[in-house]
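*Asks:* any chance you could fold what I've pasted below:
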Amino acid sequence: MLSSRALALRAHRPEEPRSVATGDRWNAGRSPLDFPHQAGRHCLSEEEAYEGGLLMGNSIGILQVTEKDVIRTLSPNETMNRTDHDFPVEYWVAGRSAIDAIRTCLVSAHKSGSEIQHILDFPCGHGRVLRYLKAAFPHAELTACDLLRDGVDFCSSVFGAIPVYSDEDVAEIPLGENGYDLIWVGSLLTHLDSDRWEAFLIKLASCLRDGGVVVFTTHGASVYKRMKGVENFYNCGLPYWRITKVLYRYEQAGFGYADYLGAHGYGFSISAPQWVLSTISRHRDLRCVLYADRGWHNLQDVYACVKSTKPVKTEIATPLTTYVKHLLREVWKPKPTS
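*Replies:* Model prediction:
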């Protein structure tokens, strides 16, 4: 049974996706999306971040945004990054990091901020990222969608988002087709088994306008290393025997998954970039333009895909008649003159 993290998207095939770290294919180096105050480095206090006015992009026409532009109202039911009824700075860092990731994805997709008029946050939760989307795209129409109805209601009342209640059946999620320029899918596929990816990727792609961008996150090699104990151990919420199941399948096939205890169809997954890009490649109307190792919050990998229903020249098949004609030309080519 899916939890509040349930919503979908359809992916597309990669076209030389590049790591934002060096521009190399399959590069696993650190992404420049990393904040200098993450991962054990100096961590800004909330006051420092708020008063310091952290800028969030201007290179592609997204308005410069400071923390003062971000709505600080929190839902009493918010649980993300919450410890003992308090919200550490990591809550706000996660939101800012999402905007930086989105900005980089739009650059790779050759999209300007002014082109983004309709945005879907899917799943929205209680607005950890949506509040930053509202600040970064103040003139865009926002849609908040989640199974968690009180989260959708909160995002509607506080951020002015259009409320959409999700559904256990992906096909029944009431989202219109071709309606969005940008879809943010933060930590949804990280909780789904491989057979669930297809339905969600198909749904999200159908929601994109032609030329629109979907940005989604996954658990990749860094999470695998932490689950394995190679780096700082990551508590993924699974018992040890299910962690073993996830690790073994990831090592064998590039993808591993296990349900949380007491859940069915909702759990924890890790996926190698090769596996993810291969999955995207099965969807001809999505073109992967970016893969960023640990691109969100220095933990989850980030992928960006552009919807394109018009085939590019390299995707148009070579006619059989031309092929046969040129084969014959090779056989019957005239002898060179002396």
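
*Asks:* from S97, how far off is V89?
*Replies:* Distance, V89 to S97, by CB to CB, to the nearest Å: 12 Å. Heads up, the C-betas are built off the backbone N, CA and C, glycines and all.

*Asks:* compare the two (neighbour count), which wins?
*Replies:* S97 (26 against 17; other CB atoms under 10 Å).

*Asks:* how many residues are close by F154?
*Replies:* Neighbour count for F154, taken as other CB under 10 Å: 26.

*Asks:* quick one: contacts of the strand or helix carrying it?
*Replies:* Taking DSSP states H and E as the criterion, F154 maps to helix 149-159. Helix 149-159 has contacts (CB atoms under 8 Å, 6 or more residues apart in numbering) with 4, 71, 73, 75, 77, 121, 123-127, 130-131, 134, 142, 144-146, 161-165.

*Asks:* which ones among those residues map onto strands?
*Replies:* Of the contacts of helix 149-159, the ones assigned to strands by DSSP state E are 121, 142, 144-146, 162-165.

*Asks:* SS state for S278?
*Replies:* Put simply, S278 is helix when judged by DSSP: H, G, I helix; E, B strand; the rest coil.

*Asks:* got the phi and psi for the residue sitting nearest the centre point of the chain?
*Replies:* Centroid-nearest residue in the chain: F216, 1.1 Å away (criterion: CA atoms, centre = their mean). Main-chain dihedrals, F216, degrees, to the nearest 10: phi -130, psi 160.

*Asks:* tell me how far the nearest residue to it once chain neighbours are set aside lies from D146.
*Replies:* Distances taken as CB to CB, 6 or more residues apart in numbering place V185 nearest to F216, at 3.8 Å, with adjacent residues excluded. Separation of V185 from D146 (CB to CB): 12 Å.

*Asks:* any buried residues in the lengthiest helix in the chain, and which?
*Replies:* In the chain, taking DSSP state H as the definition, the longest helix is helix 89-108. Using 16 or more other CB atoms under 10 Å as the test for burial, helix 89-108 gives 89, 91-108.

*Asks:* so how far is the helix holding F154 from its chain's centroid?
*Replies:* Offset of helix 149-159 from its chain centre (CA atoms, centre = their mean, to the nearest Å): 22 Å.

*Asks:* cool, and stretch 206-218?
*Replies:* Relative to its parent chain, stretch 206-218 has a centroid offset of 9 Å by CA atoms, centre = their mean.

*Asks:* would you map the helices across the stretch 201-338 of the chain?
*Replies:* Ranges of helices in the stretch 201-338 of the chain, per DSSP state H, counting those that start in this stretch, are 221-228, 240-253, 273-281, 320-331.

*Asks:* how far off centre is the second one?
*Replies:* Shown here is helix 240-253, whose average C-alpha point lies 23 Å from the average C-alpha point of the whole chain (CA atoms, centre = their mean).

*Asks:* then the third one?
*Replies:* Per CA atoms, centre = their mean, the displacement of helix 273-281 from the mean C-alpha position of its chain is 13 Å.

*Asks:* could you give the angle of it to helix 240-253?
*Replies:* 70 degrees (axes from the mean of the first three to the mean of the last three CA atoms, to 10 degrees).

*Asks:* CA atoms of helix 273-281 as CSV?
*Replies:* C-alpha atoms of helix 273-281 as CSV (Å, rounded to 0.1, in the frame of the first residue of the first chain):
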residue,chain,number,x,y,z
PRO,A,273,22.5,5.1,-13.1
GLN,A,274,22.9,2.5,-15.8
TRP,A,275,19.7,0.8,-14.7
VAL,A,276,17.8,4.1,-14.5
LEU,A,277,18.9,5.3,-17.9
SER,A,278,18.1,2.0,-19.4
THR,A,279,14.6,2.3,-17.9
ILE,A,280,14.2,5.8,-19.2
SER,A,281,15.3,4.7,-22.7
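
*Asks:* for that helix, buried residues please.
*Replies:* By neighbour count on 16+ other CB under 10 Å, the buried set for helix 273-281 is 273, 275-277, 279-281.

*Asks:* what is the mean pLDDT for that helix?
*Replies:* Mean pLDDT, helix 273-281: 97.

*Asks:* so what does that helix touch, helix or strand wise?
*Replies:* When contacts are defined as 3 or more CB pairs under 8 Å, 6 or more residues apart in numbering; DSSP states H and E, helix 273-281 sits against strand 13-19, helix 194-207, strand 286-296, strand 300-307.

*Asks:* angle of that helix against helix 194-207?
*Replies:* Using the same axes, to 10 degrees, helix 273-281 lies at 50 degrees relative to helix 194-207.
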